[in-house]
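Peer 1: Here is my input; please provide its structure:
(one chain, ligands or ions: 1)
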Amino acid sequence: MTKATLSQAEWTQRADLAQLVAALDADNLRWVGGAVRDTLLGLAVKDIDAATLLHPEEVMTRLKEAGIKVVPTGLDHGTVTAVVDGGPVEVTTLRKDVATDGRRATVAFADNWQDDAARRDFTINALYAHPVTLEISDYFGGLDDLDARRVRFIGDARERIREDHLRILRYYRFQARFGSVLDDEGEDACAALAPTLKGLSRERVAMELLGLLDLADPVPTVRRMFDRGVLPVILPEVEEDGLARLLTLTRTEAAQGAAPDAIRRLAAMLPAEPKTAEQVAARLRLSNAHKKRLARLAARARRPGDARVLAYREGMDVARDLLLLAEQSTAALDRWEIPQFPLKGGEIVARGVGAGPEVARVLRAVENRWLEEGFPDRSRIDQLLREELPADN
Ligand SMILES: Nc1ccn([C@@H]2O[C@H](COP(=O)(O)OP(=O)(O)OP(=O)(O)O)[C@@H](O)[C@H]2O)c(=O)n1
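Peer 2: Predicted structure coming up:
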């Protein structure tokens, strides 16, 4: 067992965490999982998970006594959420799996840290940090794997995947996030068991897929998933040209300093038929907003034209997306606000045009010229209006 310590002082300086530790006793508690892994990598920590020797009822009682809000988020699998000032902390009683079917596990409480570590997915996710000394317990070589940037299943990869099929997608997501050394056993196991992804809840699949596509550079990983027949199980609509568009888009985003965006990237990978995008969105149970956006972006625009006119017509966000998808610069939109068209129908009526379709025609004509000329100011609008009014006005 290799030893190291969590370096970031933040872990011991946070009063809300200290209160939690005091309530449960340091010896009963270890920080574990992504928070430990990401701290060791010098990355920002999102959610904090803790493992504890105490049973959930005892955890609830002690936290309540200490005045900490508790939510029994997953009592059947031993999880209680402590709501402290810095955010929620999931406190889970040590467990070992007794039966698994790949979609859910039956667990029993365990009384030693190593059993709890053994049922986790990857070595780098099974590092336990003592909450006071911040010393790391590493039962499966996770620290070495972290150093080598290797995402390695604990023990037999196929067995780990059979316990939870979602681990296939977790493997690729972690690989894309910080893997550099490929693990042959893991790669083969994920490819061989890929068909099991069909049995998973679509929301869980979607969350992992979008999580992968939101990373800085998912392309090499998506390429491997495609080549090894994993991507076709969850996204049969994506073909070779979709991968090429994804690569182009990520390069364009990087060149223009645009943040990664999973929906935009998914749209790039899909064929340009709104129907297909809608089917994918429905299958992945995406929200209505995501569904609409995916369909709009997948339809793309071959030549989006002038960036500001596009933003005026489609809104700022859609314009940026469409420009990036078309490898066009978004620079013209920086520090620029979409102006309001300064002419109202009433003014046209006031000039003697009878209310009705003729007013709309004049409005549209002036607006089109205003856009062509790059949003000139009001005095130019008056001139354009004079030119577009019917001769007898
Ligand atoms: N299918 C899973 C999901 C989770 N875990 C374990 O539970 C921990 C917490 O899971 P989760 O919060 O989903 O992921 P993180 O590792 O924290 O990573 P991230 O939040 O970055 O996805 C993981 O580190 C891992 O030890 C697991 O073994 N198998």
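
Peer 1: Could you list the domains of this structure?
Peer 2: 1-148, 153-236, 242-338, 345-388 (automatic domain parsing).

Peer 1: near the ligand, which residues of the stretch 51-200 of the chain?
Peer 2: Neighbours of the ligand within the stretch 51-200 of the chain, by Cβ under 6 Å from any ligand atom: 120-121, 125-126, 164, 166-167, 170. Glycine gets a C-beta too; all of them are placed from N, C-alpha and C.

Peer 1: The residue of the stretch 151-300 of the chain found nearest the ligand and residue 103, how far apart?
Peer 2: Going by Cβ to the nearest ligand atom, the ligand is nearest to residue 164 of the stretch 151-300 of the chain, at 4.3 Å. Shown here: residue 164 relative to residue 103, a distance of 8 Å by Cβ to Cβ, to the nearest Å.

Peer 1: more neighbours, these two?
Peer 2: Neighbours were counted for residue 164 and for residue 103 using other Cβ atoms under 10 Å; residue 164 has more, 21 against 14.

Peer 1: And the closest residue to that one other than its chain neighbours, its phi and psi?
Peer 2: Leaving aside its chain neighbours, residue 164 sits nearest to residue 102 (6.4 Å; criterion: Cβ to Cβ, 6 or more residues apart in numbering). When read as degrees, to the nearest 10, the backbone of residue 102 gives phi 90, psi -20.

Peer 1: Could you say which helix or strand holds the residue nearest to the spatial centre of the chain?
Peer 2: With distances taken as Cα atoms, centre = their mean, the residue of the chain nearest its centroid is residue 211 (3.5 Å). Element membership for residue 211 (DSSP states H and E) is helix 202-213.

Peer 1: Same question for residue 96.
Peer 2: Assigned by DSSP H and E, residue 96 belongs to strand 95-100.

Peer 1: Each with direction, which strands does that strand pair with?
Peer 2: strand 105-109 (antiparallel) (DSSP bridges).

Peer 1: CA atoms only for the strand it pairs with - export them in CSV, please.
Peer 2: Extracted in CSV, the C-alpha atoms of strand 105-109 (Å, rounded to 0.1, in the frame of the first residue of the first chain):
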residue,chain,number,x,y,z
ALA,A,105,-26.3,-4.0,-6.8
THR,A,106,-27.4,-5.6,-3.6
VAL,A,107,-24.9,-4.5,-1.0
ALA,A,108,-24.0,-5.5,2.5
PHE,A,109,-22.3,-3.2,5.0
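
Peer 1: what's the following helix or strand after that strand?
Peer 2: Downstream of strand 105-109, the next assigned helix or strand under DSSP H and E is helix 113-118.

Peer 1: For the next helix or strand after that following helix, give me every contacting residue.
Peer 2: Sequence-wise, the next helix or strand downstream of helix 113-118 (DSSP H and E) is strand 127-129. Applying Cβ atoms under 8 Å, 6 or more residues apart in numbering, the contact partners of strand 127-129 are 5-6, 11, 30-32, 36-37, 39-40, 51, 113, 117, 135-138, 142-143, 146.

Peer 1: By proximity to the ligand, which residue of the chain wins?
Peer 2: For the chain, Cβ to the nearest ligand atom, closest residue to the ligand: residue 34, 2.3 Å.

Peer 1: Residue 241: how many residues sit nearby?
Peer 2: Per other Cβ under 10 Å, the neighbour tally for residue 241 reads 10.

Peer 1: Equivalent analysis for residue 60, please.
Peer 2: Counted with other Cβ under 10 Å, the burial measure for residue 60 works out to 19 neighbours.

Peer 1: for it, helix, strand, or coil?
Peer 2: For residue 60, the assignment made with DSSP: H, G, I helix; E, B strand; the rest coil gives helix.

Peer 1: Once you drop chain neighbours, what's closest to it?
Peer 2: Of all residues not flanking residue 60 in the chain, residue 70 sits nearest, at 5.3 Å (Cβ to Cβ, 6+ apart).

Peer 1: What does the one you found show for phi and psi?
Peer 2: Residue torsions, per degrees, to the nearest 10, at residue 70 are phi -120, psi 140.

Peer 1: I'm done for today, thanks for sticking with me.
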